[in-house]
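**Student:** Task: produce atomic coordinates for the following.
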Amino acid sequence: MTHLSRRMLLAATAVMALAAPSLAADYAFRFQSSDPAGNPNFVLQQGWAADVAEKSGGRIEIDLLPVEAIVAHNETQDAIATGILDGHVTDLSYFSGKDPAFGLMGNPVGAWSDPEQMLDFVENGGGAELLNEIMNPYGLQFIGATTPGLEALVSAVPLDGVDDLQGVKIRAPEGLVQSVFAAAGASPVNLPGSEVFTSLDKKVIDAADYTVFSTNQAQGLNEIAPHPVYPGFHSMPLVEISMNKDKWDALPQDLQQVMTQSVRDFARVQIAALAEADQAAVAEAEAGGQITIHDWSDEERARFRTIAQGEWEKVASQSPAAQRVYDALTAYLTEKGLVQQ
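**Tutor:** Numbering: from 1, shown residues only. I've put the predicted structure just below:
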């Protein structure tokens with residue numbers, strides 16, 4: 001039986017105390033997001049839940065809850081398997097502690113230069129089938145993927161390619177992001193997100209793996225680090241929408257198709273909305289005349305990807321599932337001419 005934390009046991013009691021789902025729907029599901037209420041991503045996800053109801057003719061109702069509403073962000077997988085939740089909308093890499101395959105699939109640092117590349121891998125390159133092969137033993141069914149987009153890189157120094165990373169003190173989270181930047185010659189620094197602004201301002205760090213351009217701009221990071229790399233080249237998380245496998249299997253095939261198509265449509269809506277926000281932020285930043293945006297060439301992106309591949313390979317050696325992810329990912333990138341074998 002899946003281990004349940006004390007918090008999850010309390011959450012199970014709380015779920016039973018919640019109001020019963022609407023009787024109008026044939027199927028009523030409770031999903032938890034990894035985003036807080038009011039966050040732009042959560043608002044878009046609420047639109048997805050409404051779209052499922054519309055596409056299903058009211059036969060499916062999804063009650064979408066914000067992060068931590070029932071369980072911690074990294075406990076939703078167990079909560080779904082045990083029936084505390086029915087599904088989640090979350091960053092796949094949160095579960096890398098269960099198997100490094102989740103981390104490698106969730107954010108293969110350096111792999112993607114555009115969200116459509118990742119979605120094509122998932123939808124047409126065998127990624128969805130691979131994810132279900134990995135997730136089904138944990139009691140989950142992968143429905144589809146989306147992403148908040150390719151992160152920009154915040155930088156106080158000009159970065160036009162791999163060579164410029166040499167010795168750059170860059171804030172990066174522990175794990176694959178740090179190891180890839182280190183392999184590329186940078187000097188990663190482990191700092192919480194709350195310290196990025198101050199550390200850049202005081203020149204403790206030169207650059208930061210943080211988030212998308214529009215958020216960086218809204219928080220004033222581009223003012224103190226006026227050499228952003230946009231579009232980014234390093235990090236783009238895969239956000240999965242998955243649910244309890246038994247409950248998925250109980251859905252009629254037409255409703256399974258509704259769910260799958262709804263996620264595909266949602267991914268394009270989210271990517272377009274966030275890209276629009278980024279473009280507006282870029283225009284605002286450029287109008288100020290104080291920043292220089294650096295857009296890496298395809299050749300430099302390929303150089304970074306080749307370096308990253310060596311780090312993916314190390315993760316692949318940590319589990320059979322991670323090896324399968326590595327093999328599928330590199331086969332796809334090779335076929336598309338994004339890496340050279």
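
**Student:** pLDDT at Gly144, what is it?
**Tutor:** On the pLDDT scale, Gly144 is placed at 98.

**Student:** Look up which residues are beta-bridged to it.
**Tutor:** Beta-bridge partners for Gly144, by DSSP bridges, are Ile241.

**Student:** how deep is it tucked in, by neighbour count?
**Tutor:** 22 (other C-beta atoms under 10 Å). For the C-beta atoms, the positions are set from N, CA and C on the backbone; glycine is no exception.

**Student:** And the most centrally placed residue in the chain, how far from Phe29?
**Tutor:** Geometric centre of the chain, nearest residue: Pro237, 2.5 Å, by C-alpha atoms, centre = their mean. Pro237 is 23 Å from Phe29, where distance means C-beta to C-beta, to the nearest Å.

**Student:** try Leu65
**Tutor:** Going from Leu65 to Phe29 by C-beta to C-beta gives 11 Å.

**Student:** Those two: which is more packed in?
**Tutor:** Phe29 (22 against 19).

**Student:** Pretty sure the more buried one sits in a strand.
**Tutor:** Yes. When DSSP: H, G, I helix; E, B strand; the rest coil is applied, Phe29 is found to be in a strand.

**Student:** Below-threshold pLDDT in this protein: ranges please.
**Tutor:** 1-23, 340-341 (pLDDT under 70).

**Student:** longest single helix anywhere in it?
**Tutor:** Using DSSP state H, we find that the single longest helix of the chain is helix 253-287.

**Student:** Tell me how far the helix or strand following that helix lies from the chain's centre.
**Tutor:** Scanning forward in sequence from helix 253-287 by DSSP states H and E, the next helix or strand is helix 298-316. Taking C-alpha atoms, centre = their mean, to the nearest Å, one finds the center of helix 298-316 at 19 Å from the center of the full chain.

**Student:** Report the backbone C-alpha coordinates of helix 298-316 in PDB.
**Tutor:** What follows is helix 298-316 as a C-alpha-only set of coordinates in PDB (Å, rounded to 0.1, in the frame of the first residue of the first chain):
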ATOM      1  CA  ASP A 298      20.400  27.800 -33.300                       C
ATOM      2  CA  GLU A 299      24.000  26.800 -33.300                       C
ATOM      3  CA  GLU A 300      24.600  28.000 -29.800                       C
ATOM      4  CA  ARG A 301      21.400  26.400 -28.600                       C
ATOM      5  CA  ALA A 302      22.600  23.100 -30.100                       C
ATOM      6  CA  ARG A 303      26.000  23.400 -28.400                       C
ATOM      7  CA  PHE A 304      24.200  23.900 -25.000                       C
ATOM      8  CA  ARG A 305      21.900  20.900 -25.800                       C
ATOM      9  CA  THR A 306      24.900  18.700 -26.600                       C
ATOM     10  CA  ILE A 307      26.500  19.600 -23.200                       C
ATOM     11  CA  ALA A 308      23.100  19.000 -21.500                       C
ATOM     12  CA  GLN A 309      22.800  15.500 -23.100                       C
ATOM     13  CA  GLY A 310      25.900  14.400 -21.200                       C
ATOM     14  CA  GLU A 311      24.100  15.300 -18.000                       C
ATOM     15  CA  TRP A 312      20.800  13.600 -19.100                       C
ATOM     16  CA  GLU A 313      22.900  10.500 -19.700                       C
ATOM     17  CA  LYS A 314      24.000  10.500 -16.000                       C
ATOM     18  CA  VAL A 315      20.400  10.700 -14.900                       C
ATOM     19  CA  ALA A 316      19.400   7.900 -17.300                       C
END
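
**Student:** In it, which residues are buried?
**Tutor:** For helix 298-316, the neighbour count (16 or more other C-beta atoms under 10 Å) marks 300-305, 307-309, 311-312, 315-316 as buried.

**Student:** For it, name the packing helices and strands.
**Tutor:** Contacts defined by 3 or more C-beta pairs under 8 Å, 6 or more residues apart in numbering; DSSP states H and E place helix 298-316 against helix 100-106, helix 176-183, helix 320-335.
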